[in-house]
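A.B. asks: Give me a 3D structure for the following:
(chains A, B, C and D)
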2 protein chains.
Amino acid sequence: MRYEPRSPEVTFSALADPTRRAVLDLLRQGSQPAGRIARVFPVSRPAISKHLRVLKSARLVLEHREGRHRFYQLNAEPLKTVDSWLDQYRTFWHAQLSGLKAFVESESVREKSKVRAKKSHPRRGNSK
Amino acid sequence: MRYEPRSPEVTFSALADPTRRAVLDLLRQGSQPAGRIARVFPVSRPAISKHLRVLKSARLVLEHREGRHRFYQLNAEPLKTVDSWLDQYRTFWHAQLSGLKAFVESESVREKSKVRAKKSHPRRGNSK
DNA sequence: ATAATGTGAAACCATATGGTTACGCATATT
DNA sequence: AATATGCGTAACCATATGGTTTCACATTAT
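C.D. replies: Alright, predicted model coming up:
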């Protein structure tokens, strides 16, 4: 049972919506049928249905049908992607001196700023 | 120098865009002037300017003018909010048994499913 | 069988979002 | 002083997004 690594893309955009995050928060209590989830929020059931579809395609929830009910279950695994993205930044906030650090670096950058295009960055194309 | 706690809202939505995340990634190397940042990406300079404005209002970057240049500096501090949001989920992926766990919980939920509206959740209103 | 229930899909809509080009304005350069 | 640079803003545009209402479809209850 392998899951392709999945870019952070789909995860981050699924998490961008507050209602969606709240749904995940709710599901931490355990699986719930769509209708019950919907009742918690101030929006229509179809709206929640759409959010659930987004969460499902981001694999942040798993669907499991049972009669005419559809239970949605939290699947936190994709959040690991977010966590590892954050890893790259922890150092910046762990040391309170991030301000100083950045200042120093900005100095150094300004020094050699003349040229030094520093093309060393593996850019992802955010295409069309 | 106090910073209001700031809801995750603005942070998450700022991070939703891949270009914006890439800008932050770039700034981990140190402050850079807007133009230099823009040259790295396949979009126009004004587009980057807008992204920088979003990042700035999310306090994920700090601006610091210097002559006709505007240096942008990473400010990772707001990411702590994301990190603590994630905290609530770590338990779900740390134990490989999240699947089992969720299953068990779904069982229990289904048991008492009749009523138990469980209004105990501090819902944020997504207004409008 | 017939009605009721749980839920997604369709069709719309208004607003948000990300990108573009044209322009304006300081701050260097010459 | 005149020109070149760096960069944000304005005005547009097309598409994405989130919400709504109406409808269709199973599945369960009568």
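A.B. asks: residues in contact with A:W85?
C.D. replies: A:P8, B:R21 (Cβ atoms under 8 Å, 6 or more residues apart in numbering or on different chains). Every C-beta, even on glycine, is put in place using the N, C-alpha and C of the backbone.
A.B. asks: what about 6 Å?
C.D. replies: A:P8 (Cβ atoms under 6 Å, 6 or more residues apart in numbering or on different chains).
A.B. asks: For the host helix or strand of it, list every residue counted as buried.
C.D. replies: Secondary structure from DSSP states H and E places A:W85 in helix A:79-94. Neighbour-count burial for helix A:79-94, counted by 16 or more other Cβ atoms under 10 Å in any protein chain shown, picks out A:L79, A:K80, A:T81, A:V82, A:D83, A:W85, A:L86, A:Y89, A:F92, A:W93.
A.B. asks: Could you count how many residues lie near the residue of chain A found nearest DNA strand C?
C.D. replies: The nearest approach of chain A to DNA strand C comes at A:G35, 2.1 Å away (Cβ to the nearest atom of the strand). Neighbour count of A:G35, defined by other Cβ atoms under 10 Å in any protein chain shown: 13.
A.B. asks: doesn't it fall inside a helix?
C.D. replies: Yes: membership of A:G35 in a helix is supported by DSSP: H, G, I helix; E, B strand; the rest coil.
A.B. asks: okay, the buried residues of helix A:79-94 in TSV with pLDDT next?
C.D. replies: TSV is the format used below for those (pLDDT from 0 to 100):
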residue	pLDDT
A:L79	97
A:K80	96
A:T81	95
A:V82	97
A:D83	96
A:W85	97
A:L86	97
A:Y89	96
A:F92	92
A:W93	85
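A.B. asks: Residues of chain A that sit close to DNA strand D?
C.D. replies: Taking Cβ under 7 Å from any atom of the strand, the part of chain A that reaches DNA strand D is made up of A:13, A:16-17, A:19, A:43-44, A:46-47, A:50-51, A:54, A:67-68.
A.B. asks: Tell me the buried residues within these.
C.D. replies: For the residues of chain A next to DNA strand D, buried by 16+ other Cβ under 10 Å: A:S13, A:A16, A:D17, A:T19, A:H51, A:V54.
A.B. asks: Out of those residues, list just those in helices.
C.D. replies: Of those, the ones assigned to helices by DSSP state H are A:S13, A:T19, A:H51, A:V54.
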